[in-house]
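1. Provided below are the primary sequence and the corresponding predicted coordinates.
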Amino acid sequence: MCNKCKVLIVDEDFAVRENLKLLLQSHYDVTLVSDGKKAIKKIYKEKIDLVTLDLEVSNPRGIELVKAIKDHDSDIEIVIITANTDLRTAIDALHYGVFDYLNKPFNMTELISVMNAAAQKRQLNIKLKSMFKELNSLRETKLTAPSSSLLGEDEILIKIAHKICYSYFNENQRIDGDYNDYLRFVRLLASTLESKDPYTHGHSERVSYYSALLSGSLSFEAKLDEELRIAAYLHDIGKIGVSDKLVRKQDSLTNEEWSLIKEHPEKGVNLICCLKTSRNIISYVRHHHERFDGKGYPYGLSGEDIPIGGRIIAIADAYDAMISDRPYRRALSPEQAQIELEKCAGTQFDPKLVKLFLETLPKDYNQGLEPIAA
Ligand SMILES: [Fe+2]
Ligand SMILES: [Fe+2]
C-alpha cells in the first residue's frame, strides 16, 4: 500500500476540505485547494499521486479539470466526491479515467477504502509499467538473439502475466483473494494496457460498465455479475499478443492481418489462465466476438449457444467502439450508435439483449452528449 502518498483535495467548501483532511491525514500527505486553477498549478509544481475532486468546482469546472489533470499525468488517480449524482456525469467521468465516484455525504469507511484502492492502483500501475518495459526488452532480445535460444512471443507474454499475478497477489498477501481482489487487479491490468493508446484508453472500464447495466437488468446473481465484469475488463487482453501497428492500422487489413487480429480472444484465454479465473470468465473472453447468426469468431457459435456473457460483452464492446474515435474514423453519436445496434439485432447481436440494453441506457444519454475521443 502507498502510505504517505500525496493527496490533493479540490473542493470549494471549506468545511468539506477540512473534514476530508481530518479523515485522510493519518494515511496521506494532504494538500487542500479551493478551485480548478489552483489544482492545476499544484499538480504542475508537485508530484501528486491522488486527487479528490468535486465536479462543481470552478475555473475550470468538473470534467474539464479531470481532463487537464489526466493530460498532465495520466497516472494520477482521481476520486470524484460530489453531491451531483447524475448518471450521465458518472459515465463522462469514467470516460476520462476517473478511478471512482463517491456521493456526498460520504461515509468514512467507504472513503478510506476507495482512497486505499486508488493508492494501490497508482503503485501497481508503476510496477506494471516497468514489467511491460521488460516485456519490450525481451521482444528486442528476441530480434537479435539466435533463433534456437528464443522463447515464442506467446511464451514471453505468459511468463510476464504469471510474474505480474504473483507479484500482485504476494504483495497483497491474498493468494486466495476474493473476487474484489481480482476485479481490482484486472481493472489495473486493463487500464495499464490501454494507457499507451489514446484510442482505447478506458475502453475496458466502459465495456465493464455497460455490461454491468445489462446484468443488473437481468438480475444476475452476485457471482455471475462479478464474473461478467471481470471478463469485460479482460475481453481484449489478448491484444497485447497482437502488434500495436496492426491494432491501430488505418487502412483495411489484409486477410493475413485479419486472421492475426482474430486470434486475440484465444490469446487472451491463454494469458488469463494464471489468474485462477472461472470457466465462465474464460468462456466470456473466448466468445466475445461470436455473432448471433453464427458468422462470428473464433468458433462460429450462434444464438443461445454463445455464452450469455459473450453476448452481453459483444453489445457493450460494439457500443463503446462506435461512440469512440478510432484512428480510421470519427465517433458516432450515442443516438447513431443505438440505431446501429438495433439494425444489427438478430444478426450480429442477441435481439432481446439489444432491446434491454437500449432500455437500460440512461435516457438523457441520448441527448446532447458529445462523441467521446476514447
Ligand atoms: Fe475483442
Ligand atoms: Fe473491445
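-> Looks like it arrived, so ask away. Numbers count the residues shown, from 1 in each chain. Ligands and ions are numbered 1, 2, ... in the order given.
2. Around ligand 2, pick out the residues from the stretch 101-250 of the chain.
-> Residues of the stretch 101-250 of the chain lying near ligand 2 by CB under 5 Å from the ion: residue 236. C-betas here are computed from N, CA, C, even on glycine.
3. Distance from the helix or strand hosting residue 43 to the middle of the chain?
-> Per DSSP states H and E: residue 43 is located in helix 36-45. Put simply, helix 36-45 sits 26 Å off its chain's centre (CA atoms, centre = their mean, to the nearest Å).
4. State the pLDDT value of the residue of the stretch 251-374 of the chain found nearest ligand 2.
-> Going by CB to the ion, ligand 2 is nearest to residue 317 of the stretch 251-374 of the chain, at 4.2 Å. Model confidence at residue 317, expressed as pLDDT, equals 96.
5. can you list the weak-confidence ranges in the stretch 151-300 of the chain?
-> Along the stretch 151-300 of the chain, the model assigns pLDDT under 70 to residues 151-185, 192-193, 195-199, 241-250, 274-276.
6. Point me to the residue of it nearest ligand 2.
-> Proximity of the stretch 151-300 of the chain to ligand 2 (CB to the ion) peaks at residue 236, 4.2 Å away.
7. isn't that residue right next to residue 206, touching?
-> No - using CB atoms under 8 Å as the test, residue 236 is too far from residue 206 to be in contact (12.0 Å).
8. Excluding residues flanking it in the chain, which one is nearest the residue nearest the centre of the chain?
-> Nearest to the mean C-alpha position of the chain, by CA atoms, centre = their mean, lies residue 205 at 2.8 Å. Of all residues not flanking residue 205 in the chain, residue 94 sits nearest, at 5.7 Å (CB to CB, 6 or more residues apart in numbering).
9. Please identify the next secondary structure element, helix or strand, after the host helix or strand of the one you found.
-> Assigned by DSSP H and E, residue 94 belongs to helix 87-95. Note on helix 87-95: by DSSP H and E, the next helix or strand toward the C-terminus is strand 100-103.
10. ok, which stretches of the stretch 101-250 of the chain are helices?
-> 108-144, 153-171, 179-195, 203-217, 222-234, 244-247 (DSSP state H, counting those that start in this stretch).
11. picking up where we left off before, show me what contacts the residue nearest to residue 205?
-> Residue 94 makes contact with 202, 205-206, 209 under the criterion CB atoms under 8 Å, 6 or more residues apart in numbering.
12. and it, what pLDDT?
-> 70.
13. residue contacts, the residue nearest to the residue of the stretch 251-374 of the chain closest to ligand 2 when sequence neighbours are not counted?
-> Spatially, and ignoring its direct neighbours in sequence, residue 317 is nearest to residue 207 (5.2 Å; CB to CB, 6+ apart). By CB under 8 Å, 6+ apart, the residues touching residue 207 are 232-233, 235, 313, 316-317, 320.
14. Taking those together, which two end up most distant?
-> Using CB to CB, the pair of those lying farthest apart is 233 and 320, separated by 12.7 Å.
15. These two: who's more crowded?
-> Neighbour count, other CB atoms under 10 Å: between residue 233 and residue 320, residue 233 has more, with 26 against 23.
16. Would you mind confirming that that one makes contact with residue 194?
-> No - applying CB under 8 Å as the test, residue 233 and residue 194 come out as separate, 10.3 Å apart.
17. Show me whatever sits in contact with both of those two.
-> By CB under 8 Å, 6+ apart, residue 233 and residue 194 have these common neighbours: residue 204.
18. Only alpha carbons, please: show stretch 207-226 as PDB.
-> What follows is stretch 207-226, C-alpha atoms only, in PDB (Å, rounded to 0.1, in the frame of the first residue of the first chain):
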ATOM      1  CA  VAL A 207     -17.300  -2.200 -21.500                       C
ATOM      2  CA  SER A 208     -17.500  -3.400 -18.000                       C
ATOM      3  CA  TYR A 209     -19.800  -0.600 -17.000                       C
ATOM      4  CA  TYR A 210     -22.200  -1.200 -19.900                       C
ATOM      5  CA  SER A 211     -22.100  -5.000 -19.300                       C
ATOM      6  CA  ALA A 212     -23.000  -4.300 -15.600                       C
ATOM      7  CA  LEU A 213     -26.000  -2.300 -16.700                       C
ATOM      8  CA  LEU A 214     -27.300  -5.300 -18.600                       C
ATOM      9  CA  SER A 215     -26.500  -7.800 -15.800                       C
ATOM     10  CA  GLY A 216     -28.400  -5.500 -13.500                       C
ATOM     11  CA  SER A 217     -31.500  -5.600 -15.700                       C
ATOM     12  CA  LEU A 218     -31.200  -9.300 -16.000                       C
ATOM     13  CA  SER A 219     -31.000  -9.600 -12.200                       C
ATOM     14  CA  PHE A 220     -27.800 -11.700 -12.400                       C
ATOM     15  CA  GLU A 221     -26.800 -13.200  -9.100                       C
ATOM     16  CA  ALA A 222     -23.800 -11.600  -7.500                       C
ATOM     17  CA  LYS A 223     -21.200 -14.200  -8.600                       C
ATOM     18  CA  LEU A 224     -22.300 -14.100 -12.200                       C
ATOM     19  CA  ASP A 225     -22.300 -10.300 -12.200                       C
ATOM     20  CA  GLU A 226     -18.700 -10.300 -10.800                       C
END
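19. Present the contacts of residue 207 as a markdown table; the columns should include distance to residue 22.
-> Listed next are those as a markdown table, based on distance: CB to CB, whole Å:
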| residue | distance to residue 22 |
| --- | --- |
| 232 | 37 |
| 233 | 34 |
| 235 | 41 |
| 313 | 42 |
| 316 | 40 |
| 317 | 43 |
| 320 | 39 |
